[in-house]
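> My questions concern the predicted model and sequence given below.
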Amino acid sequence: MTDEIVLWGERLVAAGEVRISPWDRGFLFADSVYEVIPVYDAKAFLLEAHLARLERSLAGVAIARPWSRERGGELLRALVRANGLRDGLLYLQITRGEVRPRDHRLPEPAPAPTVFAATSPHPPPEREEAARGITAALVPDERWGRCDLKTTALLANVLAREEARRRGAAEALLVRDGVLTEGSSSNIFLVRAGRVFTPADGPHVLPGVTRDFVVARLEEADIAVERRTLPLSWIAGSEELWISSSGRGLVRVADLDGRAFPEPPGGGLFARAWDLFEAGRRAEIARSP
Ligand code: PDD
């Protein structure tokens, strides 16, 4: 897309104008954080929650905020408008900035952060496809110890996803010390004895914006969600397995390494959760600026 507009610093420019220095610490050290924000009906979905998590990630790696939440929201909304995007994804990355020569030590004074954002078209969630479900594979969780921060140090995620692909699966579900943590780019829900579970927040789980939204909608409908450690051994006795993310919404896992999770009669708790998510999503978009 040659006429694509991107956010570069605080300016909207043609994508071709952007030049990122090889000395940028985002390039050299993956010294950078990011967000992926869905756009529906030309509106950024749960933008406040994404910007709040961005601030948490920035604080977690000691990169200064480049702007206030209000200003960030304005800039991202302007980017969506500039590209005439209706349904898609907003990608935002902030690196610590450019410093030379290469040096592990954090620079003092801190350089100006590099800010880049772009949009891409992406279809909104679709009920039938979500209910049909995906195939997933269990893969060892070999990521670093601060997976609760949304940093671009994603090589372990990328390789886990590739391992899943090699085994014919669309997502890798990560296992650390006999415990299910999350997907390579998604969070996990398990339904067991009619109850919904998701891993407790902690250093090996990204606090997913989609997941929190699904949990809130379920709780509003008096469906309790328990956040706790999910031992791998629980999979055998579970009826349903779902994943959630900004890109996929809420999706059933239909097969995990050959263990089938057939769609329950009437759609099971997944159907309730998806309908609540969808109604919530539409209401949220209707009231978003
Ligand atoms: N990934 N866990 C991981 C490791 C993720 O990378 C993601 C999202 C999630 C779900 O978070 P959210 O609901 O806030 O999107 C959980 C994005 C979409 C990505 O890297 O493309």
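Arrived safely, thanks for sending.
> which residue sits closest to the residue of the stretch 1-150 of the chain found nearest the ligand, ignoring its sequence neighbours?
In the stretch 1-150 of the chain, no residue comes nearer to the ligand than Val36, which is 3.9 Å away by Cβ to the nearest ligand atom. Every residue, glycine included, has its C-beta placed from N, CA and C. Leaving aside its sequence neighbours, Val36 sits nearest to Ser246 (Cβ to Cβ, 6 or more residues apart in numbering; 4.9 Å).
> Show me which residues of this protein sit near the ligand.
36, 157, 182, 185-187, 206, 208-211, 244-247 (Cβ under 6 Å from any ligand atom).
> one more time with 5 Å
Within the chain, the positions near the ligand by Cβ under 5 Å from any ligand atom are 36, 182, 185, 187, 206, 208-210, 245-247.
> re the thing from before, next up, the contacts around the residue of the stretch 1-150 of the chain closest to the ligand.
89-92, 246-247 (Cβ atoms under 8 Å, 6 or more residues apart in numbering).
> Try it again at 10 Å.
When contacts are counted by Cβ atoms under 10 Å, 6 or more residues apart in numbering, Val36 touches 50, 89-93, 120, 122, 150, 185, 209, 245-247.
> and these, which of them are in strands?
The strands, defined by DSSP state E, take in 89-93, 120, 245 from these.
> Please indicate which of these has the highest neighbour count?
Leu90 (26 neighbours; other Cβ atoms under 10 Å).
> helix, strand or coil for the closest residue to that residue other than its chain neighbours?
Among residues not flanking Leu90 along the chain, Ile37 sits closest, at 4.2 Å (Cβ to Cβ, 6+ apart). Put simply, Ile37 is strand when judged by DSSP: H, G, I helix; E, B strand; the rest coil.
> What pLDDT does the model give Ile37?
What the model reports as pLDDT for Ile37 is 98.
> next one: Arg217
According to the prediction, Arg217 has pLDDT 98.
> now do Thr2
55.
> can you pick the most crowded of the residues of the chain next to the ligand?
Neighbour max across the residues of the chain next to the ligand (other Cβ under 10 Å) = Glu182, 27 neighbours.
> any idea which of the residues of the chain next to the ligand is closest to Arg11?
Distance to Arg11 across these (Cβ to Cβ) is lowest for Val36, with 21.6 Å.
> Secondary structure of Arg282: a strand, I assume?
No - under three-state DSSP, Arg282 sits outside any strand and is assigned helix.
> Many thanks, we can stop here.
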